[in-house]
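# I need the structure of the sequence given here:
(one chain, ligands or ions: 2)
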Amino acid sequence: MTAKTLIDFDIDRYMRASRRVDLSDVDWDDIPNHPLSAGDIMCMHYMMDIETHTVIYLRDLLASRAANDPQVTAFLSCWVYEELWHGEAFSDFLRHYGVELPAEPKLPDGSTPMPSRPNRVKAIRERLGVGHQFALLPTMFGSLVSRHFVALHMAWGAINELTTLTAYYALIRRSSNPQLHAMLRKVIQDERRHFAFYRAQARARLENAPPRVRALIRWVFENVWSPVGTGPKSEEEVDALALYLFGDSDEGREQARSIDAMVSEMPGLEGLTLLGDVVDRAVERARATPGYAGVPTAAASSATSGTPMALSRRDSDRNAKPLISVEV
Ligand SMILES: [Fe+2]
Ligand SMILES: [Fe+2]
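Ligands and ions are numbered 1, 2, ... in the order given. Below is the predicted model of the structure:
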């Protein structure tokens, strides 16, 4: 970055304001009084696992040239702390509702020690191993694009954060649990700040990058990019979430399109339809394979009819293959 580059984000203000998400608005005792659908619970497990996985994404970011920038590392220091507590928020919420898979050790007084769900988290990371797909990117392309390669990480982060907060809005739309709404609205406030940082960084760095670097970054998004959660989650789990939150209705589709519209505003990334394509491919796979991703066959076959789809996991189907499973 040159000295004249303007990053449109107040890192000083962000650092001073950074803290554990305040969930005092949530009435925790009231949570089990309002039903969560199987689809809601599926989404919350996905979100919990990926929020908790943020520290692994941090490892990958610090392996890149992003680690040389004190503004970036200051942000990342606060970011990973806030994301840790987002994961705990989902964990707490699910436990108050009565869901904890696998069952985890308790303290003698029955309370849950922090960090919660260590067996689940450990199993996910061990299954994934070290050096998974995203971690390989800096090695593959870093030497080619030099200092400008950080723009890719920042753009990728912006898409992840916007996808996350848009998914939380979509879950508010799909779920009828008012306490879940209250929790998600507080988490969304944090995600908005995260998104603002990554977007400002990405825009400035892409603006400064030579055309050949911008072209390479575009190629990565067209050919290598995958939605947040890919890796820790299987393709079917990612599809199930995409279908439940964005493939269920015109409104869901519009939410996915809003993410692509943001991507299109970034220099060099105009016209990409990343999230729309994710939903389209998920619909195609659901149509091709009966029962795939928990989608009822009738709903999948009407996926291209132009009418709102009921591409949700069947709440009443107790025999359906669990979409979120952790082997311990
Ligand atoms: Fe988060
Ligand atoms: Fe975030």
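
# tally of neighbours for Ala182?
17 (other CB atoms under 10 Å). Placement of C-beta: from N, CA and C, glycine included.

# Same check on Ile217?
Ile217: 27 surrounding residues under other CB under 10 Å.

# Residue numbers of the protein in contact with ligand 2?
Residues of the chain found near ligand 2 (CB under 5 Å from the ion) are Glu161, Glu191, His194.

# Of these, just say which sits nearest to Val80.
Closest approach between those and Val80, by CB to CB: His194, at 10.5 Å.

# out of the residues of the chain next to ligand 2, which touch ligand 1?
Near ligand 1, taking CB under 5 Å from the ion as the test, no member of the residues of the chain next to ligand 2 is found.

# In helices only, show me these.
Counted as lying in helices by DSSP state H, out of these, are Glu161, Glu191, His194.

# which one of the residues of the chain next to ligand 2 is nearest ligand 2?
Ligand 2 lies nearest to His194 out of the residues of the chain next to ligand 2, by CB to the ion, at 3.6 Å.

# If we ignore the residues flanking it in sequence, what's nearest that closest one?
Using CB to CB, 6 or more residues apart in numbering and skipping the chain neighbours, the partner closest in space to His194 is Glu161 (4.4 Å).

# what's the burial count for that neighbour?
Applying other CB under 10 Å, we find 22 other residues in the vicinity of Glu161.

# Could you report the distance from it to Glu191?
According to CB to CB, to the nearest Å, Glu161 and Glu191 sit 6 Å apart.

# now swap in Val21 and tell me
10 Å.

# who's more crowded, these two?
Between Val21 and Glu191, counted using other CB under 10 Å, the more crowded position is Glu191 (24 against 16).

# List the contacts of the more buried one.
Contact partners of Glu191, counting by CB atoms under 8 Å, 6 or more residues apart in numbering, are Glu161, Thr164, Leu165, Tyr168.

# ok, for the residue of the chain found nearest ligand 1, nearest residue in space, not its chain neighbours?
Residue nearest to ligand 1 within the chain: His86 (3.6 Å; CB to the ion). Leaving aside its chain neighbours, His86 sits nearest to Glu51 (4.1 Å; criterion: CB to CB, 6+ apart).

# Pull the number of nearby residues for the one you found.
21.
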